[in-house]
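Chemist: Sequence first, predicted coordinates after that:
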Amino acid sequence: MSTENEGTAVPADHPAAPSTPSTPPTTPTTPAPPTTSSASTPAPAPTDARSDAPTVAQTPAPEATPAPAPAPASTPAPAPAPEPTATTPTPVAAGAGWPPPPPTVPAWGAPLPPAPPAPAAPRGRAGGLVAAVLVAALVAGGIGGGIGYWAAQRGDEGVSSTTVSSGEAPASFKREPGTVAAVAAKALPSVVTIQAKSGGSQGEGGTGTGFVYDQEGHIVTNNHVVASAAEGGTLSVTFPDGKSYDAEVVGRAEGYDVAVLKLTNAPKGLKPLPLGDSDKVAVGDSTIAIGAPFGLSNTVTTGIISAKNRPVASGDGSGGSNSYMSALQTDASINPGNSGGPLLDASGAVIGINSAIQSTGSGFGQSQAGSIGLGFAIPVNQAKNVAQQLIRTGKPVYPVIGATVNMQEQGEGATIASQGSGGTPSVTPNGPAAKAGLKAGDVITGFGDHQIDSGPSLISEIWTHKPGDQVKITYERDGKTSTATVTLGERTGDS
């Protein structure tokens, strides 16, 4: 019930409200019109909020006179007509003031007072419209609640959920071939962790990775992984199932950074990893690296081939025992301990041997710096040739051109030095370079299809070939560019 007109004058077109509660007459009577008075301010009678409900009010006062005063307490006010569905409200005590008492229901058969004229202002229609909307909303809400309850009851009785709980999941989940998980699961049993200890009193050594090369028990890894144990040290190989075996060095090649071990008591049922073709690898191909970074065995990381034919020296490029490779570059995470582990393609075939990383402080090498996304692997085609040679003879064989080049300069090509080590000629007499017409001071800028920008890059390209291969060389002499064909010679051992 609104109280917004409390204390204000009632408009003339509204019926006056009784000042005392109405009492239903015992016999049918005709309501008397109320007397008028200017001493008091009448209040409007309550109206039904619904626009379709009948409205009953007192006889309206003439428009020219002020609003009628409430009837004396001794004179009963006419009773308003009852609402069709309302119950009889409880009368309010006389003199209760505002708000006015609710209408009462007259006795059965009592005549209804005449209905007042329709109000001129649209306020009643707006209120009726709002009331109708509220009633409709309440009815709709009730229907919706009933439907929701019915649906809930029906769901409890027969409708089941479309979700699947973990208890209803398949008992054995198989991953599709070619996924990283499937490739790793197949390759991991053939990847080993290598512990190398030197023969000295301190027993220094390190941890690296290797993989099964054949069923005879040969393991391929990096030379720098086993170098500390090569002379009087000990080697142990641990498989992912936790079984460990002693191993010995079959042969190692410092220049290639490749070594082959053999298990002293190789178990039966070894599964060699399949070897891929590193010449067919393309930039952007997926890669999977497996190893023991920082001693964390059986670690799997993924990436892509970032570049090919990267000339990489595993040290600073100045020592005679440094390793050189025309490497596969990958962004798969490689850290110390990954060395010697396989770099796989998406099918699970070995395409390289993880060997070196680029660090922010010390260049290429096997320092303890972490991965920055620049890892390098020896192409498996080269590593396979070296491994086979080591298994057959125990010694590496290197292709050579018979010339000493400057290993410090970079950017202009590989310059043939003025003299070799110990004062020997820089171009070996009657060697491959001498037969091709090369001389000291010539700058080699191309080897086969690859550009040469330094001495390490020339050696890296030479070692991708075999002794006896014929290769076209591009060189500069006195500002003129010339070409020649060189038949590669060979050198046995790391001396």
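Modeler: Sure, I can see it.

Chemist: ok, T492 - contacts?
Modeler: Residues in contact with T492 (Cβ atoms under 8 Å, 6 or more residues apart in numbering) are K395, P396, V397, Y398. For glycine as for every other residue, the C-beta is placed from the backbone atoms N, C-alpha and C.

Chemist: partners of it in the sheet?
Modeler: Applying DSSP bridges to T492 yields these beta-bridge partners: V397.

Chemist: What of G251?
Modeler: Per DSSP bridges, residues listed as beta-bridge partners of G251: V260.

Chemist: my guess is it meets G394, correct?
Modeler: Yes - A contact is recorded between G251 and G394 when judged using Cβ atoms under 8 Å, the distance being 4.1 Å.

Chemist: More neighbours: those two, which one.
Modeler: Here G251 and G394 are set side by side on neighbour count (other Cβ atoms under 10 Å), and the busier one is G251, at 21 against 13.

Chemist: quick one: secondary structure of I459?
Modeler: Under the three-state scheme (DSSP: H, G, I helix; E, B strand; the rest coil), the conformation of I459 reads as helix.

Chemist: Next up, the contacts around the residue lying closest to it once chain neighbours are set aside.
Modeler: Once flanking residues are discounted, I459 sits nearest to Y324: 4.6 Å by Cβ to Cβ, 6 or more residues apart in numbering. Taking Cβ under 8 Å, 6+ apart as the criterion, Y324 is in contact with G255, P311, V312, A313, S314, P456, I459, S460, W463.

Chemist: Export only the CA atoms of the helix or strand that contains the third one, formatted as CSV.
Modeler: Spelled out, that is V312. Taking DSSP states H and E as the criterion, the element that holds V312 is strand 299-313. Written as CSV, here are the backbone C-alpha positions of strand 299-313 (Å, rounded to 0.1, in the frame of the first residue of the first chain):
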residue,chain,number,x,y,z
THR,A,299,64.3,-37.0,-20.0
VAL,A,300,62.4,-36.3,-23.3
THR,A,301,62.2,-32.8,-24.9
THR,A,302,60.9,-31.7,-28.3
GLY,A,303,61.5,-29.1,-30.9
ILE,A,304,62.2,-28.7,-34.6
ILE,A,305,65.2,-28.6,-36.9
SER,A,306,66.2,-24.9,-36.8
ALA,A,307,69.0,-25.1,-39.4
LYS,A,308,71.2,-27.5,-41.3
ASN,A,309,74.9,-27.6,-42.1
ARG,A,310,75.9,-25.4,-39.1
PRO,A,311,79.7,-25.4,-38.8
VAL,A,312,80.3,-26.1,-35.2
ALA,A,313,83.5,-26.7,-33.1
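
Chemist: one step back: can you list the contacts of Y324 in JSON lines and add distance to A377, pLDDT and neighbour count?
Modeler: Converted to JSON lines, these look like this (distance: Cβ to Cβ, whole Å; pLDDT from 0 to 100; neighbours: other Cβ atoms under 10 Å):
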{"residue": "G255", "distance to A377": "16", "pLDDT": "92", "neighbour count": "21"}
{"residue": "P311", "distance to A377": "14", "pLDDT": "88", "neighbour count": "23"}
{"residue": "V312", "distance to A377": "10", "pLDDT": "88", "neighbour count": "28"}
{"residue": "A313", "distance to A377": "15", "pLDDT": "82", "neighbour count": "25"}
{"residue": "S314", "distance to A377": "12", "pLDDT": "74", "neighbour count": "27"}
{"residue": "P456", "distance to A377": "17", "pLDDT": "90", "neighbour count": "25"}
{"residue": "I459", "distance to A377": "18", "pLDDT": "93", "neighbour count": "26"}
{"residue": "S460", "distance to A377": "13", "pLDDT": "92", "neighbour count": "24"}
{"residue": "W463", "distance to A377": "15", "pLDDT": "92", "neighbour count": "23"}
